[in-house]
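Enquirer: Here is my input; please provide its structure:
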Amino acid sequence: MTEPEIVAENVEKALYQLYYDPSSSSKDVAQRWLTKCQRSKEAWMFAWQLLEENKASEVQYFGASCLVSKISRSWDEIPDDKVIVLRDQLFHLIERFSLLQDRKIVLTRLCVAFSAFVINCAIQGSWPSAVTDIIDKFGALSVTSVNGGDKLNFALLEMLTVLPEEYHSTNLEKYKKGRVRHLLRAGESEVMRMLVALFHDPSMKVCKESVIKCVSSWIMVGVPISEWSDFLADILECVKQPDLFDKSVDCLLTTFCSPYAQEFTVTMRKLMPLLLSLHPMLQKAIVDQDADTVLGLTRLVCGFAENQPKIILETFPDPQAGLGIIYMVLDCGRLPLQYPTEEWSSPISFTFWCSLQDELQASMGDQLQQQLHPLFYEVISCLLQKASYPKDNSHDSWSADEKEQHRIYRVDISDTFMYFLEMLGVNVLLYMFEKFKACLGERNAPSEWHEIEACLFGIHSIIETLTEFDTDLPFLKELVSVLPTIQITSLQLADTMLYTIGTLTEWLSNHPDNLWLLFSIALPCLNNQDLSMSTVLTLRRLTRECGEHLVTFASTIMEQFSAVLMRGSLRSNEESWLMQAIGHLLSCLPQQDCMKYLHSVLLVQMQQLEALSKDPPSLPNKNSIVHILTLLTNLFLTLDRRKENEESQVEQPAVIFLHQLTPIFKDILNVWVADVLIVDALCELYDKSIRSLTGDFSSLLTEVCEILCTVFQAYPHTSVLSLSQQIILVFGADEEHRGEVVALFQTIFNSCSPLYLNSSIREHPDIAHGFMRFLSHTCRKQFTLCRVSSEKNESNLLHDLFKFGILTLQLPDSESANSASMFVIEFLSLSSKHRDVCDIVQSLGKELLQVVLKAIGGNSPRSAMDHFADILFVMCGLNISMFRAYINEVIALADVPCEKIEANKKSSFVNQLLKECKNKRSYRDLVKEFTLVCRGIHGTDYANA
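Expert: Residues are numbered from 1 along each chain as shown. From the prediction side, this is the model:
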């Protein structure tokens with residue numbers, strides 16, 4: 001289908017099609033064509049026609065957007081003698097649209113186009129007085145205008161607001177950015193004079209909101225805040241006016257958070273009393289439950305406080321300065337309103353306390369720290385109160401989103417507590433424990449659990465962070481003795497109790513007399529589905545850290561665990577965690593007891609697996625097989641009896657059961673060999689078992705290698721490659737098992753080779769990724785295997801492997817470049833030690849360079865360029881003479897790295913590579929820059945995106 005001619009009439013038709021045609025396919029066609037039009041040279045012609053007075057706003061907006069695009073990206077298309085003409089045309093358009101109340105969106109877009117024009121003039125140095133001239137031009141127009149003075153002033157404000165914003169958002173090289181900033185700073189005094197005049201002139205009807213927004217935009221440029229201090233004080237007063245509240249807060253927040261604000265401490269000190277004058281307004285908003293006003297004021301005061309902690313500490317005793325700001329922040333944090341249903345602002349205050357603590361520890365003396373300690377304890381008390389659930393139990397009716405927000409809120413509070421620990425030490429924990437005991441003593445009814453739960457939450461947040469339990473902490477023993485006496489009357493209290501017990505595991509491992517007291521609290525909670533997750537996680541921690549002290553109670557524990565598993569009341573991930581807990585516990589039992597309990601736990605699973613292996617394939621059967629394999633994986637992951645059996649040489653229980661399970665696994669694979677999930681689950685089981693058993697797995701190795709060879713020949717799975725990596729790592733150097741490992745390696749090679757030789761590897765990129773990672777790992781850990789396999793193979797296996805690496809580099813995705821580059825670099829590194837590898841590198845070096853350079857030229861994603869740079873760096877470092885000869889020969893080819901690139905740029909790139917042969921970082925930077933040149937996007941916004 002022939003595309004329409006790029007003229008205004010056709011563009012207008014396409015716009016109507018885009019906005020009003022009900023067909024999504026028609027909209028897509030119009031969108032693509034309009035994008036092409038916007039970038040075309042014809043846009044310089046039709047854009048002005050689209051901006052004519054009789055056009056619809058959508059058409060005019062597109063016309064303005066075309067001007068933005070062309071001025072931003074195609075400045076070199078403007079003849080020098082037409083620059084002034086273009087400026088005057090833009091001035092005229094902005095003047096015309098400023099008088100149209102219903103076309104503000106078009107006006108803003110034209111201001112963006114004019115900003116792009118000014119930025120380009122600044123880079124060229126052709127209009128140094130741009131800002132002053134703009135102000136003078138519109139000032140003259142507003143004087144001569146009969147009724148449009150205010151509208152012209154609005155247009156001027158819009159232009160002066162957009163100009164700094166475009167400066168910040170436009171990606172420019174550093175020196176260009178500097179030129180534009182210099183131009184803006186040159187006109188800054190005129191801008192301030194004009195803004196002050198508009199702000200204070202009662203005869204001007206222009207909206208003060210626009211003035212304040214413009215101030216905010218110029219503050220971001222880095223204007224000297226000291227010169228704007230009086231104006232900023234006026235804006236602070238505007239915070240008290242409801243119609244100017246939001247814009248004033250945003251402007252002041254921009255000022256306080258500006259990286260330049262640190263340079264103007266005198267101005268910041270001057271603004272502190274004015275900021276404190278808003279405290280009554282904050283208190284009234286809290287009483288009135290005006291959440292929006294509270295949020296705005298919280299953002300304002302916390303923005304100042306976070307960025308000026310040094311000033312606050314230097315003026316700390318003064319209630320009209322540092323101390324006043326601290327208490328104002330404290331009021332923002334201790335709102336008597338419920339987060340997140342009644343207020344959303346208190347989390348903003350958390351960061352300030354961390355900033356204040358950092359500044360206090362970095363530059364202030366111990367005396368000031370001691371003075372501030374009571375204040376930090378007051379903050380802790382406030383945060384404990386805010387962490388509490390609502391006393392009316394309204395949280396039960398909260399939406400899922402509100403519950404998640406509250407959970408994250410408590411995590412933030414927990415992080416703040418942990419931060420205080422660094423300065424206050426374990427006294428934080430003692431303080432919380434005293435509050436906890438006070439809450440217990442004041443509890444008059446079972447329903448009064450909220451403050452107790454909040455204190456426990458704070459306590460376990462701190463205990464989780466403690467690293468030295470050797471410290472004498474007598475109150476922990478008292479805490480352990482108190483926990484069983486607490487009457488549990490809510491799920492929230494029970495949940496926090498369980499997590500608290502979990503954080504005490506390290507202390508309990510040193511004080512085992514108290515262990516069963518707490519374990520017996522957690523164990524029955526397995527039967528409560530609402531508490532099952534926290535219960536299982538706590539039990540897993542206890543069995544991992546304190547398993548040797550639970551041997552006496554193993555019968556009771558295993559009875560409960562087995563009953564829960566038989567009942568099937570846990571979620572899938574909870575069952576997996578429980579199996580890990582079982583593994584930890586059984587690892588500490590005598591061999592006979594371990595085997596007895598293992599048999600009771602695994603008997604049902606083995607029977608189910610055996611039955612499933614004989615059933616016809618179905619989705620429920622598949623899910624059941626995967627689930628059981630996952631449970632076994634988690635059990636064998638933690639079942640580690642190597643220390644127990646080191647002297648007795650008794651066979652590991654996991655090995656015994658794996659021997660019994662292997663025939664069942666074979667039957668399953670006979671049916672499910674092509675199923676990715678089942679093969680992945682089985683490989684994961686063996687992988688975790690090898691990691692846990694290491695050398696004790698050797699009796700299973702022959703059978704497992706045979707299974708892997710059979711599976712991979714039938715259907716190449718990436719999980720088989722991952723498991724094979726682990727086998728080579730553990731058993732690759734073992735002479736006793738060299739035959740099995742070599743056979744596994746050869747099977748993998750023979751199965752992957754056809755995919756490369758018949759070019760079907762592009763259809764199986766996952767196999768290519770896994771195969772390259774496998775080869776990289778083997779070359780790094782056990783290169784002897786490659787050599788032995790090569791000797792047994794009729795073809796030149798090493799040559800083929802390197803060739804396959806080069807072919808994988810040609811695949812069009814980032815992961816292929818990542819995995820293949822790892823192998824290629826490993827192989828290249830071996831060339832300095834092995835003559836045969838060196839010969840292969842020399843024979844295929846030119847081909848490798850050609851592939852790498854074409855990838856840089858555009859055949860691979862830009863995100864993968866570091867990998868190709870690393871290959872070039874290694875090649876150059878190994879043999880610079882060979883590298884120089886090969887790259888000069890390859891780069892001379894017409895299509896390397898791409899067709900449309902000048903010879904001088906190619907030559908410059910090669911010379912830079914040869915010059916920087918010792919600097920890996922420089923290689924990466926050179927390649928990243930050269931790939932932009934090859935792709936034709938160097939210096940564009942897209943390149944920097």
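Enquirer: Does Leu811 lie in a helix or a strand, and which?
Expert: Leu811 belongs to no helix or strand when elements are defined using DSSP states H and E.
Enquirer: what residues are up against it?
Expert: Going by C-beta atoms under 8 Å, 6 or more residues apart in numbering, Leu811 touches Ile761, Arg762, Pro765, Ala768, Ala817, Ala820. Where C-beta positions appear, they are placed from N, C-alpha and C, glycine not excepted.
Enquirer: for Phe316, same thing?
Expert: Counting by C-beta under 8 Å, 6+ apart, Phe316 touches Gly322, Leu323, Ile326, Leu368, Gln371, Leu372.
Enquirer: got the contacts of Leu811 as CSV, with neighbour count, pLDDT and distance to Glu237 columns?
Expert: Shown next, in CSV, are the contacts of Leu811 (neighbours: other C-beta atoms under 10 Å; pLDDT from 0 to 100; distance: C-beta to C-beta, whole Å):
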residue, neighbour count, pLDDT, distance to Glu237
Ile761, 21, 91, 70
Arg762, 15, 91, 68
Pro765, 16, 93, 63
Ala768, 27, 95, 67
Ala817, 27, 94, 59
Ala820, 29, 96, 65
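Enquirer: Ramachandran coordinates for Gln487?
Expert: Phi and psi for Gln487, reported as degrees, to the nearest 10, are phi -80, psi 120.
Enquirer: Can you tell me the closest non-neighbouring residue to it?
Expert: Using C-beta to C-beta, 6 or more residues apart in numbering and skipping residues adjacent in sequence, the residue nearest Gln487 is Pro446, 5.5 Å away.
Enquirer: Just say helix, strand or coil for the one you found.
Expert: When classified by DSSP: H, G, I helix; E, B strand; the rest coil, Pro446 comes out as coil.
Enquirer: Restricting to C-alpha, output the strand or helix carrying Glu740 in CSV.
Expert: Applying DSSP H and E as the criterion places Glu740 in helix 738-757. C-alpha atoms of helix 738-757 as CSV (Å, rounded to 0.1, in the frame of the first residue of the first chain):
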residue,chain,number,x,y,z
ARG,A,738,36.3,-39.7,35.6
GLY,A,739,34.6,-42.1,33.1
GLU,A,740,31.0,-41.1,34.1
VAL,A,741,31.8,-37.4,34.1
VAL,A,742,33.5,-37.5,30.7
ALA,A,743,30.6,-39.6,29.2
LEU,A,744,28.2,-36.9,30.5
PHE,A,745,30.3,-34.1,29.0
GLN,A,746,30.4,-35.9,25.6
THR,A,747,26.7,-36.6,25.6
ILE,A,748,26.0,-32.9,26.2
PHE,A,749,28.4,-32.0,23.4
ASN,A,750,27.0,-34.5,21.0
SER,A,751,23.4,-33.5,21.7
CYS,A,752,24.1,-29.7,21.3
SER,A,753,26.3,-30.0,18.2
PRO,A,754,23.4,-30.7,15.7
LEU,A,755,21.6,-27.5,16.9
TYR,A,756,24.6,-25.5,15.9
LEU,A,757,25.5,-27.4,12.7
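Enquirer: Run a quick neighbour tally on the residue nearest to Gln487.
Expert: Counted with other C-beta atoms under 10 Å, the neighbours of Pro446 add up to 10.
Enquirer: measure it to Lys920 for me?
Expert: Pro446 sits 66 Å away from Lys920, going by C-beta to C-beta, to the nearest Å.
Enquirer: same deal with Ile806?
Expert: For Ile806, the distance to Lys920 equals 22 Å [C-beta to C-beta].
Enquirer: Compare these two (neighbour count), which wins?
Expert: Legend: neighbour count by other C-beta under 10 Å for Ile806 and Lys920, higher for Ile806 (18 against 15).
Enquirer: so the more buried one makes contact with Lys846?
Expert: No. Counting by C-beta atoms under 8 Å, Ile806 stays clear of Lys846, with 10.7 Å between them.
Enquirer: what about the helices in the stretch 401-550 of the chain?
Expert: 427-442, 450-463, 474-482, 491-503, 505-510, 515-522, 532-546 (DSSP state H, counting those that start in this stretch).
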